[in-house]
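*Asks:* Return atomic coordinates for the entry below.
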Amino acid sequence: MELATIAQTVSAIGSLLLAALFAYQVTVFKKQVEVNRGTLDEIREGRTSHERPQVVVTAEYRHGTLVEVVIANIGRGDTRNVTFEFSAPMESSVSYRRDSEVVPLSELPHFRDGMSYLAPGAEIATV
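*Replies:* Here you go, the predicted structure:
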């Protein structure tokens, strides 16, 4: 065998090995990108859930027999388009009257129509 043929063969094998090494590095790089993307998604989800609004409705006893129904946004984000559903009308002895008829508290505008906005830390109380 001639020296030129040996050099060409070694050069061809070296080129194939370099191509295989490059393909391996590309696959490792893709896997690293997927892992980093997953980590970034977890960080983003944690941040948005931390800033998400959290609306609670509680019944608080005040002055003995009075009960206040309080709607509060205890989260850090703005609340938008909140709606309410009741399994039965919410009535009270201090409900306001329309003509001679008692209007259930569940028919108040913020319960009936919902609320388009509630700021963080804001609350609405109904006796």
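*Asks:* in what helix or strand does the residue nearest the centre of the chain lie?
*Replies:* The chain has S49 as the residue nearest its centroid, 4.6 Å off, counting by Cα atoms, centre = their mean. Using DSSP states H and E, S49 sits within helix 3-50.
*Asks:* which neighbours does the helix or strand that comes right after that helix have in its sheet, and in what orientation?
*Replies:* Toward the C-terminus, helix 3-50 is succeeded by strand 55-62 as the next helix or strand (DSSP H and E). Neighbouring strands of strand 55-62 in its sheet, by DSSP bridges, are strand 66-73 (antiparallel).
*Asks:* in the partner strand, what's buried?
*Replies:* 69, 71-73 (16 or more other Cβ atoms under 10 Å). Backbone N, C-alpha and C define where each C-beta goes, glycine included.
*Asks:* sorry, back to before: and the helix holding S49, what's its mean pLDDT?
*Replies:* Across helix 3-50, the average pLDDT comes to 90.
*Asks:* Ok, stretch 71-83 next?
*Replies:* Stretch 71-83 comes out with an average pLDDT of 86.
*Asks:* ok, of the buried residues of strand 66-73, which one's closest to L18?
*Replies:* Of all the buried residues of strand 66-73, L18 sits closest to N73, with 60.6 Å by Cβ to Cβ.
*Asks:* Double-check the closest one against Y117; I have them as touching.
*Replies:* No. At 9.6 Å, N73 and Y117 do not qualify as touching, with contact defined as Cβ atoms under 8 Å.
*Asks:* How far does stretch 107-124 stretch from one end to the other?
*Replies:* 15 Å (Cα to Cα, to the nearest Å).
*Asks:* again with stretch 51-69
*Replies:* For stretch 51-69, the separation between the terminal residues is 25 Å (Cα to Cα).
*Asks:* and that stretch, how far out from the chain's middle?
*Replies:* 23 Å (Cα atoms, centre = their mean, to the nearest Å).
*Asks:* what's it in contact with?
*Replies:* With Cβ atoms under 8 Å, 6 or more residues apart in numbering as the contact definition, stretch 51-69 has outside contacts at 70-80, 82, 84, 90, 92, 94, 105, 118, 120, 125-127.
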